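1. predicted model and sequence below, questions to follow.
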Amino acid sequence: MSDPKSVFADDHSAPDLEIVGDKVTIHPSGFTGGPGVQDDQITERNLVRHMARFRANPLDFLREVSLYMSGTGWRAYDDVIGQPVFYSGFSDRMKSLILDSPLLKNKVTELASSRLAVEEKEGLLAIHEGNSLEEKHARRKNELEDNLKQVVDRMMDNMICKMESKRFIRGAYYMCTQLLTRAYHQGIHVSSEEVLRLRSVAEAAAQKKQSIVFLPCHKSHVDYVSLQLVCYRLGIGLPVVVAGDNLNIPLLGPFLQHAGAMWIRRSFGNDPLYNTVVQAYIDTLLQQGFNFECFIEGTRSRTGKLLSPKFGILSFILDSLLSGRVEDTIICPVSTQYDKVIETESYISELLGQPKQKENLSDLLSSSSVLSLKLGRVDVRFHEPWSLREFLTQQLSRLDIPSTKVAQKLSYNDRGRILRTLGYRVLSEINDVSVMMPTALVGTVLLTLRGRGVGKGELVRRLDWLCDRVRAKGGRVAHFYRSPTEMVVDRALDVMGPKLVGEVAGLVEPTYYAVDRFQLSFYRNMLIHLFITEALVSVAMYTKIKQGGGPTNQRITYEALRNQVSFLSQLFRGEFIFPPEGLATNFENTLHDLEKDDVIKITRDNSGTPTYVELSDKERSCGRENYDFYCFLIWPFIEASWLGAVSLLGLTPPLDGPNDVWIDMRKAQDSAQHLGKTLYHQGDLSYFEAVNKETLKNSYQRFEEEGIILVSRNKESRAGPSLSLAPEWTPERDPSTGKVLDRGRLWDFTELIAQSRREGKNRRDGATVSSRVLTMSDLVGRQLFTGTAAPAPGDVSSRQMRRQAIATSSKL
């Protein structure tokens, strides 16, 4: 079936160290990597082990508990690298430092003075005691400042982490390890060289009283636990973890807060005091050298791939350094990968439009996924840490701004540019160190093959090919101790289970098929970033290839290919993390690599300038399997963008109603999803995962940036944003029938996306499909208009809303 030498190991690589108690076991290399970085020299260790179970061995269980509670050996968590944590009085000391912050003191004085001025203007000072106006002023200002300090104290009590007890953290570590090893029975794996480097950086940072800011990706609630366990096991100061207060629920909230969680509101609103308290707290943590952790994506990725960076907490960190309140801090991007993510089933229900369930501890602990299923292993990888101060110096020099005049010279736009550069650099480095897990590899192969199912031999062959391609792109492939690829496939199938991958019994060979393509797409998306440029070139070529005929008829001009790739790159610029070299360089590099791999053939003129691009003879002879792989990766996203554009056609105002009507954004996206489900079941949409809420939301974001839709946001109102088609993009209706006409700027835009869609059976009837899709979109849109009224008198007028939306759009 397969070569006995597995693609998941390397005979010449250094050994792994698996630490189990006091025993060290030697294994083959942790993972194999690409040619650029010698990943095969990186060793690995498993930082947690199977815990003793009371029922199976009560004596070992009691002995183990005793070791943890007494703090024997490394479990004592005594000689920690970093600033002192987990001692009585820690919280009071932090509160005192925050209250002493000049930034916070000035804000309290400013707010008290502002309120005093209002009271004086409204004549309210007369009711306060005092012989003179000055005395009344002083007395009232003190009262206001005292009241504000009480508010600050309550904010801090709810917000700051409370690392008060070493006995508590020992017990917490033991309990979390128990839970984690029940779910992820193969433990947490880290690179030995990466953690040794991290310890060295941590020691240097501790001497300078500098913080390490860990910036991990975010796929699961287990992310919080895994990084804390790694730091605890390695003896590095536990980071303060920024967490949304939606997790601050009874029992779980206080537990996490005492383990290092810092609770913040999901939205700060217009609360300048709260904003300043958060800034003062972050300043204090970084000034004192406490390690810090926040998730660069802001929220968990429901789709498996990295989300665009969120700049809220990054902005606070940046301000700490730009203002000079903090000298320097160390940035450490972190990748956390899973064989299987516990929450994927709940993610899928959310993406399909089900309301998000409120966080509940009993639901989490009673989940069979947490307490009984064997979900494989967790891989935590650390990029080489770097100085944020050095990064800022480089960025400021590019802007020709002296670092000594940052506070006066840095404009809002320049600050935003630096933030975006920082965020996307971190995302790129997370991708660089991510390890491709077997479930991601097998899931990707299953979703990128034609046909109902795939035999075991073919599955193994394509997995070998995919691993070679991952390494050729500089990616990393997980190892499994020289196991043959066939055994690795079996292991991945076992972890994914029959709810994701089914097997047809009684055939000549085992044959597998995707049961839940939507959920499998989560695992496929974990490696899509490696091949995104190849995927865009492939679907751009598809505009000609799907026309059929001979090879001459299917080749595309170099200019047409570049234009379509440029269009698609702009369409997906917020969806994927592209290589940082820029569009032109990425395009040329991708063509070179595909030609080198003999997937495409490029015709050049006498001067060497490319004129035509087509599939190579070798690729045609193998049934386009490699070319198809790249197309299958991105076709669901093409479908989602096309669906989003089609849904906008339905927002054309009806002839018998007002033209200037604003539609609630959430309702519009829900209607688009409803339309997508209908089109899928009627055969006009090929991929069910194209109806997922997150991708549709990203499409609408692109449409706003392109000026196709105008979006009005009122910060003073609880209502969400509303949208309207821009006049120049609004389609026409037939004056006699009222039907939306298949012409105009929006129609052309939709057709440009459709050129790269997968050609399905139901789409070969051309105009009939166009008519049916238009009719369905119009029907859904009319239902939206029926439930939407024009702004009532006294509300913000439609004209004002449009003016504000256009102004906002011009800034994007």
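-> Structure received.
2. show me what contacts I348?
-> Contacts for I348 were tallied using CB atoms under 8 Å, 6 or more residues apart in numbering; they are 516, 518-519, 522. Heads up, the C-betas are built off the backbone N, CA and C, glycines and all.
3. can you rerun that using 10 Å?
-> 302, 354, 516, 518-519, 521-522, 689, 692 (CB atoms under 10 Å, 6 or more residues apart in numbering).
4. also N248?
-> N248 makes contact with 158-159, 254, 256-257, 261, 263-264, 359 under the criterion CB under 10 Å, 6+ apart.
5. try it again at 7 Å.
-> W263 (CB atoms under 7 Å, 6 or more residues apart in numbering).
6. tell me how far it lies from S220.
-> 19 Å (CB to CB, to the nearest Å).
7. any idea how far the spatially most central residue of the chain is from L124?
-> With distances taken as CA atoms, centre = their mean, L307 lies nearest the centre of the chain, 2.9 Å away. Computed as CB to CB, the L307 to L124 distance reads 48 Å.
8. kindly report the same for I556.
-> Distance, I556 to L124, by CB to CB: 74 Å.
9. higher neighbour count, these two?
-> Between I556 and L124, I556 has the larger neighbour count (other CB atoms under 10 Å), namely 18 against 13.
10. list the contacts for the residue nearest to H258 when sequence neighbours are not counted?
-> Distance criterion CB to CB, 6 or more residues apart in numbering; nearest residue to H258, sequence neighbours excluded, is K162 at 5.0 Å. Contacts here follow CB under 7 Å, 6+ apart; on that basis K162 touches 90-91, 257-258.
11. of those residues, which is the nearest to I430?
-> Taking CB to CB as the measure, I430 lies nearest Q257 of the contacts of K162, at 26.8 Å.
12. where do the strands of the stretch 651-800 of the chain begin and end?
-> For the stretch 651-800 of the chain, applying DSSP state E, counting those that start in this stretch gives strands covering 663-664, 709-712, 722-725.
13. just put these in TSV and tack on mean neighbour count.
-> Compiled in TSV, these are given as follows (neighbours: other CB atoms under 10 Å):
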stretch	mean neighbour count
strand 663-664	18
strand 709-712	22
strand 722-725	22
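14. among those, which is nearest P333?
-> P333 lies closest, by CB to CB, to one member of these: strand 709-712, at 31.9 Å.
15. partners of the closest one in the sheet?
-> Applying DSSP bridges to the sheet, strand 709-712 is found paired with strand 722-725 (antiparallel).
16. how about the strand it pairs with as PDB, C-alpha atoms only?
-> Listed next in PDB are the C-alpha coordinates belonging to strand 722-725 (Å, rounded to 0.1, in the frame of the first residue of the first chain):
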ATOM      1  CA  SER A 722     -27.400  49.200   8.500                       C
ATOM      2  CA  LEU A 723     -26.600  49.200   4.800                       C
ATOM      3  CA  SER A 724     -27.700  50.400   1.500                       C
ATOM      4  CA  LEU A 725     -26.500  49.800  -2.000                       C
END
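17. closest one of the contacts of I348 to L648?
-> Closest approach between these and L648, by CB to CB: N692, at 17.8 Å.
18. and the gap between the residue lying closest to the closest one once chain neighbours are set aside and G474?
-> Closest residue to N692 apart from its sequence neighbours, by CB to CB, 6+ apart: L351 at 3.9 Å. Computed with CB to CB, the distance linking L351 and G474 is 30 Å.
19. which is the next helix or strand following the helix ranked longest in the chain?
-> Taking DSSP state H as the criterion, the chain has its longest helix at helix 133-159. Next helix or strand after helix 133-159 toward the C-terminus (DSSP states H and E): helix 166-183.
20. so after that next one, what's the next helix or strand?
-> strand 188-191.
21. domain map for this structure?
-> Here the domain parsing of the chain from automatic domain parsing is 1-46+437-521, 48-82+163-239+291-432, 529-623, 628-811.
22. chain neighbours aside, what residue packs nearest to R604?
-> With CB to CB, 6+ apart as the criterion, R604 has its nearest non-adjacent residue at 5.4 Å, and that residue is P610.
23. I'd say the one you found and Y558 touch.
-> Yes. Counting by CB atoms under 7 Å, P610 does reach Y558; the two are 4.2 Å apart.
24. just the residues contacting stretch 113-129, thanks.
-> Stretch 113-129 has contacts (CB under 7 Å, 6+ apart) with 136-137, 139-141, 144.
25. 10 Å - rerun?
-> Here stretch 113-129 has contacts from 133, 135-141, 143-145, 147-148, 272, using CB under 10 Å, 6+ apart.
26. top of those residues by neighbour count?
-> Counting by other CB under 10 Å, R140 has the largest number of neighbours within these, with 21 neighbours.
27. circling back: for the residue nearest to R604, what are phi and psi?
-> phi -60, psi 140 (degrees, to the nearest 10).
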